[in-house]
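**Q** Pasting a predicted model and its sequence here:
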Amino acid sequence: MAPKVLISDALSPAAVQIFKDRGVEVDFQPNLGKDKDKLAEIIGNYQGLAIRSATKVTAKMLEKANKLKVIGRAGIGVDNVDIPAATAKGVIVMNTPFGNSITTAEHAISLMLALARQIPEADMSTRAGKWEKNKFMGVEIFGKTLGVIGCGNIGSIVADRAVGLRMKVIAYDPYLSVERAMDLGVEKVELEELFKRADFVTLHTPLTEKTKNIIDAGALKRMKRGVRIINCARGGLVDEAALYDALKSGHVAGAAFDVFIEEPATSNPLFTLPNVVCTPHLGAATSEAQENVALQIAEQMSDYLLRGAISNAVNFPSITAEEAPRLKPFIELAEKLGSFAGQLTETGVRKVQISYEGEVAQMKTKALTSAAIAGFLRPMLQDVNVVSAPIVAKDRGIVVEEMTREGHSDYESLITVTVTTERQSRHISGTVFADGRPRIVNIKGIRMDAEFGRSMIYITNLDKPGFIGKFSSTLGDAGINIATFHVGREAPGGNAIALIEIDGDLPPDVLAKVRALPQVQQARPLRF
């Protein structure tokens, strides 16, 4: 019997035809996504669900989706899908991470040009019968410096277009190598230098804990007077209240935003300012982009339903059902080792090497490497998944190396992640014991035996008497409970490492007190 797919949002007729041509039965109901009760009633009849943003796939709806095998999101964002619930149900969730790239990049360039020449306001004035030629004095972009924050898939396209417009392009991206920057014709800089030098600033990074309010009041003050800011990425990357004040004072000459903290943005203080250009999240809104993602998701879903091929899945690597049980704990280990390294990495990354020793070297290491790279990139790039991670790393010029060794040391299986940056190289190793739980066994050559906790503190310090007592007292005084405490050292009195699992999060003021302790060299909060 042919598999059956429900399309519950507006999707290109060409996508419907792809399903039919491939032998997949299609039920096209483009308005059904708005009626969650009706959708829940009939979802049990389908093996596939193709959606855009209007359909909300909840855990409650998935309870009734007993035949569902795959959800395909035509676009990059999967915020409208309960990923953990889908995974628990055994449903693959696919997206199309790169289908909107050119369209979004072109929108950023369009907003920059509109801002530079005050086109929206001049248009309204002229339509009103005025001829205020002297009022709308613009600026050229030729020869100006464009600062690109986030030089991945979309940011690199923006940079390429800006170079073609004869702008000087500088880019901040911790994962962008110098070699990749040279290929793009841009100069890789630190964030503070970008703030000081840029005439225009454009953002192309996901919203994460690290990037939230990456442009805040302090950053705005450190920018050139007369800077112009463009955001087609995510609301929340810029502190809108601080930007409002900077625009009112004239320190920031203008801003062009396609995304906002609250959407739909039916009211916003920025809308009241004449030097602001706003659009209603139109980054992906071109007929070409909508067609591309629709065709791509139809192809991906058909391949999976008919042949079992998995591509661009956000919740599962490309492995067979037989391999999954054996690989699962090692996938978790690889991803957490990568995440550990990623949370400690801030400078430009040149290379990530993953080595496999012992029994794990005989497994499908490609899936493990993808998991490690996804874990490594996710602290800065939240949307990355085990499928897209190698492509994202390549786009940033990061060399990914995989090594296997049949021989092994003290462990039946050992995975080591080594990160080489512009400044240093560090490595972390882990294994899976008989209980199936991943463990850290070595950090930078110092032996360790620690499980991954949800919230941890990583500390490098000198091995001196009194450190553990002072540290514990600092957390105790702040009302923070220590769940586990693991230490390792090179030699008595030498370099030492502590990994501490705590209950709850570590407040910034407590972290500052920990960093101020005499023996502490480095202290970082980690989340897994």
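**A** Okay, I see it.
**Q** Show me how far stretch 516-528 is from its chain's centre.
**A** 24 Å (CA atoms, centre = their mean, to the nearest Å).
**Q** any idea of the mean pLDDT for it?
**A** Stretch 516-528 comes out with an average pLDDT of 90.
**Q** Assign the nearest residue to residue 526 once chain neighbours are set aside to helix, strand or coil.
**A** Distances taken as CB to CB, 6 or more residues apart in numbering place residue 456 nearest to residue 526, at 4.4 Å, with adjacent residues excluded. All C-beta atoms are positioned from the backbone trio N, CA, C, and that covers glycine. Look at residue 456: counting by DSSP: H, G, I helix; E, B strand; the rest coil, its state is strand.
**Q** What's the local residue count around residue 456?
**A** The number of residues packed near residue 456 is 26, by other CB atoms under 10 Å.
**Q** Likewise for residue 128?
**A** 8.
**Q** what's the answer for residue 114, then?
**A** Count around residue 114 with other CB under 10 Å applied: 20.
**Q** Helix or strand: which one has it?
**A** Using DSSP states H and E, residue 114 sits in helix 101-116.
**Q** For that helix, buried residues please.
**A** Within helix 101-116, the residues that count as buried by 16 or more other CB atoms under 10 Å are 101-112, 114-116.
**Q** same question, stretch 131-139
**A** For stretch 131-139, the neighbour count (16+ other CB under 10 Å) marks residue 139 as buried.
**Q** Ok, stretch 415-429 next?
**A** With burial defined by 16+ other CB under 10 Å, the residues of stretch 415-429 counted as buried are 415, 416, 417, 418, 419, 420, 421, 427, 428, 429.
**Q** Equivalent analysis for stretch 485-505, please.
**A** Quick answer for stretch 485-505 (16+ other CB under 10 Å): 486, 487, 488, 489, 495, 496, 497, 498, 499, 500, 501, 502.
**Q** ditto for stretch 61-74
**A** 61, 62, 65, 68, 69, 70, 71, 72, 73, 74.
**Q** Setting aside sequence neighbours, what's the nearest residue to the third one?
**A** By that I understand residue 65. Closest to residue 65 by CB to CB, 6+ apart is residue 43, at 4.6 Å.
**Q** which residues sit in contact with the one you found?
**A** Residues near residue 43 by CB atoms under 8 Å, 6 or more residues apart in numbering: 6, 49, 61, 64, 65, 68.
**Q** next one: phi and psi at residue 301?
**A** Main-chain dihedrals, residue 301, degrees, to the nearest 10: phi -70, psi -40.
**Q** same check, this time on residue 517
**A** The phi/psi pair for residue 517 (degrees, to the nearest 10) is phi -60, psi 140.
**Q** Tell me which residues touch it, please.
**A** Listed by CB under 8 Å, 6+ apart, the contact set of residue 517 reads 461, 467, 470, 471, 474.
**Q** secondary structure element for the third one?
**A** Under DSSP H and E, the secondary-structure element containing residue 470 is helix 467-477.
**Q** Average the pLDDT values over that helix and round to the nearest integer.
**A** Averaging pLDDT along helix 467-477 yields 91.
**Q** cool, and stretch 219-235?
**A** In this model, stretch 219-235 carries a mean pLDDT of 97.
**Q** Start and end of that stretch, how far apart?
**A** The first and final residues of stretch 219-235 sit 17 Å from each other (CA to CA, to the nearest Å).
**Q** Could I get the buried residue list for that stretch?
**A** Of the residues in stretch 219-235, those buried (16+ other CB under 10 Å) are 219-220, 223-224, 227-235.
**Q** Stretch 265-284 too?
**A** Applying 16+ other CB under 10 Å to stretch 265-284 flags 265, 268, 270, 275, 276, 277, 278, 279, 281, 283, 284 as buried.
**Q** So the fifth one versus residue 246, what's the distance?
**A** In other words, residue 276. 11 Å (CB to CB, to the nearest Å).
**Q** Which residue comes closest to residue 472 once chain neighbours are left out?
**A** Going by CB to CB, 6+ apart, residue 472 has residue 482 as its nearest residue, at 6.5 Å.
**Q** Next: residue 360.
**A** Using CB to CB, 6+ apart and skipping residues adjacent in sequence, the residue nearest residue 360 is residue 413, 3.7 Å away.
**Q** got it, and residue 404?
**A** That would be residue 361: by CB to CB, 6+ apart, it lies 3.9 Å from residue 404.
**Q** Show the pLDDT at residue 408.
**A** Model confidence at residue 408 (pLDDT) stands at 62.
**Q** Please apply the same query to residue 209.
**A** On the pLDDT scale, residue 209 is placed at 86.
**Q** Give me the outermost residue of this protein relative to its centroid.
**A** Relative to the centre of the chain, the most outlying C-alpha is that of residue 129, 46.8 Å out, by CA atoms, centre = their mean.
**Q** and that one, how far is that from residue 118?
**A** Counting by CB to CB, the gap from residue 129 to residue 118 is 18 Å.
**Q** what does residue 436 give?
**A** 62 Å.
**Q** more neighbours, those two?
**A** Just comparing residue 436 and residue 118: by other CB under 10 Å the higher neighbour count belongs to residue 118, 19 against 10.
**Q** which residue sits closest to the more buried one in space, ignoring its chain neighbours?
**A** Nearest non-adjacent residue to residue 118, counting by CB to CB, 6+ apart: residue 136, 4.5 Å away.
**Q** Could you grab the helix/strand/coil label for the one you found?
**A** Assigned with three-state DSSP, residue 136 falls in the coil class.
**Q** And the pLDDT at it?
**A** At residue 136, the predicted lDDT confidence score is 91.
**Q** residues contacting it?
**A** Counting by CB under 8 Å, 6+ apart, residue 136 touches 117, 118, 121, 122, 125.
**Q** As TSV, these with secondary structure, pLDDT and distance to residue 13 would be great.
**A** Below are the contacts of residue 136 laid out as TSV (DSSP: H, G, I helix; E, B strand; the rest coil; pLDDT from 0 to 100; distance: CB to CB, whole Å):
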residue	secondary structure	pLDDT	distance to residue 13
117	coil	96	38
118	coil	95	40
121	helix	94	39
122	helix	93	39
125	helix	92	41
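**Q** Quick check: residue 177 vs residue 277, distance?
**A** Distance of residue 177 to residue 277, given as CB to CB: 33 Å.
**Q** Below-threshold pLDDT in the stretch 351-500 of the chain: ranges please.
**A** The model of the stretch 351-500 of the chain has pLDDT under 70 over residues 382-383, 387, 407-409.
**Q** Repeat the analysis, applying 90 as the threshold.
**A** Where the stretch 351-500 of the chain drops to pLDDT under 90, the residues are 362-367, 370, 374, 378-397, 405-412, 421-426, 433-436, 445, 461-468, 488-495.
**Q** which residues of it fall in helices?
**A** Secondary structure of the stretch 351-500 of the chain, counting by DSSP state H, counting those that start in this stretch: helices at 365-377, 389-395, 467-477.
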